[in-house]
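Undergrad: Sequence and predicted model, in that order:
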2 protein chains.
Amino acid sequence: MLDFPVENLSAEDVERLRGIYEPLTKSVRELIDATIRTEMDGDAVAAAKAEIDAATARLRGRQLEGPFGVRFGSDGDQMPWGNVVIGMRNPVAPPLSFIPSEEGGVSADFTLGAAYEGPPGHVHGGVAALILDHALGDAASSPDKPRLTGTITIRYRRMTPLGDLHVEAAIVRTEGVKTFAAGRLADAHGVTVEAEGVFIQPRWARD
Amino acid sequence: MLDFPVENLSAEDVERLRGIYEPLTKSVRELIDATIRTEMDGDAVAAAKAEIDAATARLRGRQLEGPFGVRFGSDGDQMPWGNVVIGMRNPVAPPLSFIPSEEGGVSADFTLGAAYEGPPGHVHGGVAALILDHALGDAASSPDKPRLTGTITIRYRRMTPLGDLHVEAAIVRTEGVKTFAAGRLADAHGVTVEAEGVFIQPRWARD
């Protein structure tokens, strides 16, 4: 059983928190990119490290005991802010923002930079899998019926370059607690990776 | 064709660079965790953001034009430092450090915290896929014969809790340019996710 705490936060409170934390997360994403690509030498790097450690100490002044999880506001606002793919408060998340697609599934446009590299200049194959897993799971789920991945198969048509990308996914069919979904990752020249999977409604989320 | 530049760096130079950049990357990993978990409010977060932005500006004083890629030192040292799974210079990488396993494959022990969350308190299914994809690809490749994922299937036995984990992978068989590999992710109580895949030797890397 998973814990989805409901907090005593109105929709306005949620927006206020977004206003505080979203700029911080964006700054950390910039720092991640700069950390990978910097060619500055010893002294400058040590000075940057001292600034970073000071910021960390400041933020740790009061913190959650564990990970962020998925929280809900009192008006029903979902806050999956710690999520590694879509989390507004997670600097590792690109983040992706899924929207309903015309065909009844979901899609997202996003950009992947140096932090997501595998083969030189290209998206790590496992990052493509991470994004497709999330997209298919999102397409297969509804707010009141979460579904978790049972099995997923990823087919690599060609390497995916770092840069502007598009992902989309949709339900293929549903059989009881099993939902079959499929999707694809694409760059400006077309599909690079395809996925299909079975998503299961967990026992604790069944009627 | 991928670019793997050879730089005019001796093994000593490579170690000197590691000494400069590894502590920086570790500090940024700590900052990522603190960013997700902080409960500090507006002023403290703004002060931390200012420190982070100052560090980013310092690091961007001189930087690579693109992503890090995979570089080689003049003594043959491989530097996959930008890699999102194993990269010493990539704060998004946990990082994993693979070692040869007794059965002829590879394995790694590692810890995943708040930055890798999907379902509350648990590893995102796609992060399990990312790590297994890398593990199987590593098992299937040799330094002179890189292999890229053709197809991979991931089976989720149960949810993987955040915390201390183990991954292992090995070659099942090889047929010409295709290598079949399999592996699994486990916590202290046993296997949580299994994977099998086909890895292809790219045309440009064939004899």
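TA: Done, it's in.
Undergrad: in stretch A:157-175, what counts as buried?
TA: A:159-162, A:165, A:167-172 (16 or more other C-beta atoms under 10 Å in any protein chain shown). Bear in mind the C-beta positions are built from the backbone N, C-alpha and C, glycine included.
Undergrad: quick one: secondary structure of the residue sitting furthest away from the middle of chain A?
TA: Distance from the centre of chain A peaks at residue A:43, with 34.6 Å (C-alpha atoms, centre = their mean). Put simply, residue A:43 is helix when judged by DSSP: H, G, I helix; E, B strand; the rest coil.
Undergrad: can you give me the helices for chain A?
TA: Secondary structure of chain A (DSSP state H): helices located at A:11-37, A:42-59, A:125-140.
Undergrad: Which among the ones you listed is found nearest to residue B:33?
TA: Closest approach to residue B:33 among the helices of chain A (C-beta to C-beta): helix A:42-59, 8.3 Å.
Undergrad: Give the other helices and strands that the closest one contacts.
TA: Contact partners of helix A:42-59 among helices and strands, from 3 or more C-beta pairs under 8 Å, 6 or more residues apart in numbering or on different chains; DSSP states H and E: helix B:11-37, helix B:42-59.
Undergrad: how big is the angle separating the first one from helix B:42-59?
TA: With axes from the mean of the first three to the mean of the last three C-alpha atoms, to 10 degrees as the basis, helix B:11-37 and helix B:42-59 are set at 160 degrees to each other.
Undergrad: what about helix B:11-37 and chain A, any contact?
TA: Yes. Counting by C-beta under 8 Å from any C-beta of the partner chain, chain A is contacted by helix B:11-37 at B:20-21, B:23-25, B:27-28, B:30-32, B:34-37.
Undergrad: Closest to residue B:178 out of the residues you listed?
TA: residue B:25 (35.2 Å).
Undergrad: Look up the pLDDT of the closest one for me, please.
TA: We have a pLDDT of 98 for residue B:25.
Undergrad: Hmm, it is touching residue B:92, no?
TA: No. Residue B:25 lies out of contact with residue B:92 (C-beta atoms under 8 Å); the separation is 9.8 Å.
Undergrad: out of these two, which sits in the busier spot?
TA: More neighbours surround residue B:92 than the other of residue B:25 and residue B:92, with 31 against 21 (other C-beta atoms under 10 Å in any protein chain shown).
Undergrad: In contact with the more buried one, which residues?
TA: A:32, A:92, A:115-116, B:32, B:84, B:115 (C-beta atoms under 8 Å, 6 or more residues apart in numbering or on different chains).
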